[in-house]
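Undergrad: The following comprises the amino acid sequence and a computationally predicted model.
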Amino acid sequence: MPQTLDNFWRGTGLLPDATQPIADASGVARLLALCPAHAQTPLTDAPDIAELCGVATLHIKDERTRMGLGSFKALGAAHVIAREAEAVGSGDWDSRLVGRTYVTASAGNHGLSVAAGARLFGAGAVIYIADTVPQAFALRLAGFGAQVVREGDAYEASMEAAQRAAADNGWSLLSDSSWDGYTEPALRVMEGYTQMAAEAASEIPATPTHILLQAGVGGLAAAVAAHARHVWGDAPQIIVVEPDAAPALIESIRVGAMTTTDGPVSSMGRLDCKTPSLIALAGLSRDADRFVTITEDEAAAGVATLAAHGLATTPSGGAGLAALIAGLNLPSDARVLTFLSEGPEDG
């Protein structure tokens, strides 16, 4: 059964003076309206899984087809790069950022967004990945024109290498995490994620009672939580789900300070982040009601159940649903909203 911690910082937040997530999605929607690849992703009802989990309704925001990249991350870094191309103000869109190079670390999907966004506007992309990242992701990154560099055995080592490369070469570091002295790019990455929250809010037939959000550094969870509070106030209970091998957010909430955790490599690779994003922690400590961890076995069982119901994904993409399937014991009248954040690795 998932391990749970109630958020005793709810409302005030652990870091009230830190930069908070952007809740308004209108700026993202304006830029996306200019993109021919943009289309709203579906909100799917899953009555069979709802019955299995003992809840009244289950709505799944399915991000597996987002802009042809197979993940919600398509909304993040590409949004930042599009904003910068717009700021140039003149010239053909496909050459506005010629001469600029973006560099980042990624477990796959954030790197795809950086690579795709850079290519759209004529910039270069260099993506650092850990040795544990599947080769399939490395090949996809290269297919979008990125230079792929393997560095270290974990995301944190890849990020350190990306930071060094940015400083040494004058490249633009575009991380989806944030820390003291590095906030604006990550803030705008997270702003991009509010689009899927806004779409879900426009599609769902009634205010959800519970929202389940998987988290690595916490960008998706914090952006969606901020928009949910903007739209629905305190009505939904927001539950954040992490791997028990990388409980960065739940431990930070437990001890009352940003905390770096230790643990084995998780099968939930895109969530296997041992240090939270500063902005995400600030937002989630204010907006989330509960933090939950799930085991590797619970993630695997959840993914198998989802696949059996035609919702193929990865342990990362289905972690929120896996927590529900593993036994969160929500009320029988619960109206649950959750997010299928990526497609299967072989999809």
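TA: Cool, the structure landed. Numbers count the residues shown, from 1 in each chain.

Undergrad: CA atoms for contacts and neighbours, from now on please.
TA: Fine.

Undergrad: Domain boundaries for this protein, per the record?
TA: Domains of the chain are assigned by automatic domain parsing as 3-71+190-340, 77-175.

Undergrad: For Ile129, what are phi and psi?
TA: phi -130, psi 150 (degrees, to the nearest 10).

Undergrad: Kindly apply the preceding question to Leu213 instead.
TA: phi -130, psi 120.

Undergrad: ok, what's across the strand from it?
TA: Under DSSP bridges, the beta-bridge partners of Leu213 are Val240.

Undergrad: circling back to that earlier point, among the domains of the chain, show the one with the smallest mean pLDDT.
TA: Across the domains of the chain, domain 77-175 has the smallest mean pLDDT, namely a mean of 92.

Undergrad: distance between the ends of that one?
TA: End-to-end span of domain 77-175 (CA to CA, to the nearest Å): 8 Å.

Undergrad: circling back: let me have the domains of the chain in a markdown table, adding mean neighbour count as columns.
TA: Below are the domains of the chain laid out as a markdown table (neighbours: other CA atoms under 10 Å):
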| stretch | mean neighbour count |
| --- | --- |
| domain 3-71+190-340 | 21 |
| domain 77-175 | 20 |
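
Undergrad: got those domains as TSV, with distance to Glu184 columns?
TA: TSV is the format used below for these (distance: least, CA to CA, whole Å):
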stretch	distance to Glu184
domain 3-71+190-340	9
domain 77-175	10
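
Undergrad: Quick check: closest non-adjacent residue to Arg100.
TA: Nearest non-adjacent residue to Arg100, counting by CA to CA, 6 or more residues apart in numbering: Ala123, 5.1 Å away.

Undergrad: I'd assumed Val103 was in contact with that neighbour.
TA: No. The pair Ala123 / Val103 is not scored as a contact, 10.7 Å apart, by CA atoms under 8 Å.

Undergrad: State the distance from the closest residue to Gly216 other than its chain neighbours to Arg119.
TA: Nearest residue to Gly216, sequence neighbours excluded (CA to CA, 6+ apart): Leu271, at 3.7 Å. In this view, Leu271 and Arg119 are 26 Å apart by CA to CA.
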